[in-house]
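Trainee: Can you look at this prediction? I've put the sequence above it.
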Amino acid sequence: MTAPSAVVTPFGVDHIVAAVRDLHKETGKLPPERQLAELLNVKRHQLRKALESLRLSGDLEPVRPRRSASEQPRYDEELVRMTNPLEILELRLLIEPGLARLASVRASAFEIAGISDAATTPDPASSGAVDFAFHLAVVGAARNHLAGELYKMLRQLGVDARVKIAGTGAPTCPKRIAQRDAEHRLIAEAIARRDPEAAEAAMRAHLFAVQKQIMERTSAGAFAA
């Protein structure tokens, strides 16, 4: 098995995402995580972020770990039945601006570089995967593990076919990708400046734009069945 041609850089999670996607398309399966990291010549923590992005964007099947009867899943069926995209976004609005504020004062130089790198979508990359990588990088830099797990659960709920809005699986239009990247860069720049007020405000403005999109789609059609 030969590695795909994508070039992986130290902070390029999006490049790892593209390389893994190409390899999966070429072979129909992926080797174990350790072998895949060696094949792509990347750190395993970088690879895990890329794999998680691909799973949440729907490019890879979700991991189905073996659980004992006493263990609980990441979220249960009742949550899927009781919620909707607007509720998920409302909760993100309550959580993520504060996490962006924390990231602006807690992020390491390495984390800031990762946030900045993920703020722009390169041509070959999946829009959904890059979006998740950016938000996950901000949440991770806030250094609150409980908030990080809650955020991942929210995003998993958001991509559940029974919750997401019809048509959201289609590729995002270039105009919206450019707008979203500009919003992401404002957040990244505020975090890099160590400006808590600006980071919080930029994240809130970005999520309000997402909320507006959801409301427009729900008024134009129904939720996915």
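Mentor: Yep, that arrived. Owing to the predicted nature of the structure, the values given are computational and were not obtained by experimental measurement.
Trainee: Show me which helix runs longest in this structure.
Mentor: Longest among the helix segments of the chain by residue count, using DSSP state H, is helix 196-220.
Trainee: in it, what's buried?
Mentor: For helix 196-220, burial by neighbour count (16 or more other Cβ atoms under 10 Å) applies to 196, 198-204, 206-207, 210-211, 213-214, 217. Where C-beta positions appear, they are placed from N, C-alpha and C, glycine not excepted.
Trainee: now do stretch 83-96
Mentor: So for stretch 83-96, counting by 16+ other Cβ under 10 Å, buried means 83, 85, 88-89, 92, 95-96.
Trainee: Show me what counts as buried in the helix or strand harbouring Met153.
Mentor: Here Met153, judged by DSSP states H and E, is contained in helix 145-159. Using 16+ other Cβ under 10 Å as the burial criterion, the residues of helix 145-159 that qualify are 147-148, 151-152, 154-159.
Trainee: could I get the residues you listed as CSV with pLDDT and distance to Ala190?
Mentor: Converted to CSV, the buried residues of helix 145-159 look like this (pLDDT from 0 to 100; distance: Cβ to Cβ, whole Å):
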residue, pLDDT, distance to Ala190
Ala147, 92, 19
Gly148, 90, 20
Tyr151, 90, 19
Lys152, 88, 23
Leu154, 87, 22
Arg155, 85, 22
Gln156, 83, 27
Leu157, 80, 28
Gly158, 74, 24
Val159, 71, 27
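Trainee: can you tell me which of those residues lies nearest to Arg101?
Mentor: Ranked by distance to Arg101 (Cβ to Cβ), the buried residues of helix 145-159 are led by Ala147 at 11.9 Å.
Trainee: Not counting its neighbours along the chain, what's nearest the closest one?
Mentor: Leu99 (5.9 Å; Cβ to Cβ, 6 or more residues apart in numbering).
Trainee: dump the residue contacts of the one you found.
Mentor: Contact partners of Leu99, counting by Cβ atoms under 8 Å, 6 or more residues apart in numbering, are 138-139, 142, 144, 147, 151, 203.
Trainee: try 6 Å this time
Mentor: 139, 142, 147 (Cβ atoms under 6 Å, 6 or more residues apart in numbering).
Trainee: Let me have the residues you listed in a markdown table, extended by distance to Glu111.
Mentor: Below are the contacts of Leu99 laid out as a markdown table (distance: Cβ to Cβ, whole Å):
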| residue | distance to Glu111 |
| --- | --- |
| Val139 | 11 |
| Ala142 | 10 |
| Ala147 | 15 |
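Trainee: of those, closest to Ala192?
Mentor: Scanning the contacts of Leu99 for proximity to Ala192, where the rule is Cβ to Cβ, the winner is Ala142, at 14.8 Å.
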